[in-house]
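Undergrad: Give the three-dimensional model of this entry:
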Amino acid sequence: MAKYLLLKHYRGAPTPVNDICMDQWTPEEISAHVQYMRDFADRLEKTGEFVDGQALAPEGAWVRYDGEGRPPVTDGPFAETKDLIAGWMVIDVDNYERAVELAGELSAAPGAGGKPIHEWLEVRPFLTSAPDGDACHG
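TA: Take a look at the predicted model:
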């Protein structure tokens, strides 16, 4: 089994097919979207593939260490940043192909008008050993 992180983006990913911001959805459309996510997670719990997941608020800040005895340095919040994570799900699956298959299913969550969003999800494997090459510059 291998763990993968499925990242949902508010912004920063390619534009989804059903590109209507969630703040313009009806309460019923939001409920249907959230229920789809819950049902998806419940199904993966039964197969042993679900590890954890959460939705994230758009607010946040950058934080870094600033030396011994000094308070951490913060900068932000950056709600206007290009890349903004909406939520995440961790899955534990047999292989990359299964991770991609599940991300595709999750991408079909309903949005405005009850139609699938067809949103792009970022699929990232958990690091299991030291990276090869220059991890700082991709």
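Undergrad: make it CA atoms for all contacts and neighbour counts henceforth
TA: Fine.
Undergrad: Tell me which stretches of the protein form helices.
TA: 27-47, 96-106 (DSSP state H).
Undergrad: what's the longest one in contact with?
TA: What that stands for is helix 27-47. For helix 27-47, the surrounding residues in contact (Cα atoms under 8 Å, 6 or more residues apart in numbering) are 22, 50, 51, 106, 109, 110, 111, 112, 113, 114.
Undergrad: Mind giving me the ChimeraX command for buried ones among the residues you listed?
TA: Burial among those is assessed by 16 or more other Cα atoms under 10 Å; the matching ChimeraX selection reads:
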select :50,51,106,109,110,111,112,114
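Undergrad: Please produce CSV containing the contacts of helix 27-47, extended by distance to residue 69 and pLDDT.
TA: As requested, these are exported to CSV (distance: Cα to Cα, whole Å; pLDDT from 0 to 100):
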residue, distance to residue 69, pLDDT
22, 43, 84
50, 40, 97
51, 37, 97
106, 45, 95
109, 47, 93
110, 49, 94
111, 48, 92
112, 50, 92
113, 54, 93
114, 53, 93
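Undergrad: Take the contacts of helix 27-47 and keep only those in strands.
TA: 50, 51 (DSSP state E).
Undergrad: now for the contacts of helix 27-47, which pair is the farthest apart?
TA: Of all pairs drawn from these, the greatest distance, 30.3 Å, lies between 51 and 113 (Cα to Cα).
Undergrad: related to what we said a few turns ago, what's the closest of the helices of the chain to residue 1?
TA: helix 96-106 (9.8 Å).
Undergrad: so what does that closest one touch, helix or strand wise?
TA: strand 2-11, strand 121-125 (3 or more Cα pairs under 8 Å, 6 or more residues apart in numbering; DSSP states H and E).
Undergrad: now for those strands, which one comes closest to residue 69?
TA: Of those, nearest to residue 69 by Cα to Cα is strand 2-11, at 34.3 Å.
Undergrad: before we move on, back to that, possible to save the helices and strands packed on helix 96-106 as JSON lines with distance to residue 39, mean neighbour count and mean pLDDT?
TA: JSON lines is the format used below for those (distance: least, Cα to Cα, whole Å; neighbours: other Cα atoms under 10 Å; pLDDT from 0 to 100):
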{"stretch": "strand 2-11", "distance to residue 39": "16", "mean neighbour count": "20", "mean pLDDT": "88"}
{"stretch": "strand 121-125", "distance to residue 39": "18", "mean neighbour count": "17", "mean pLDDT": "94"}
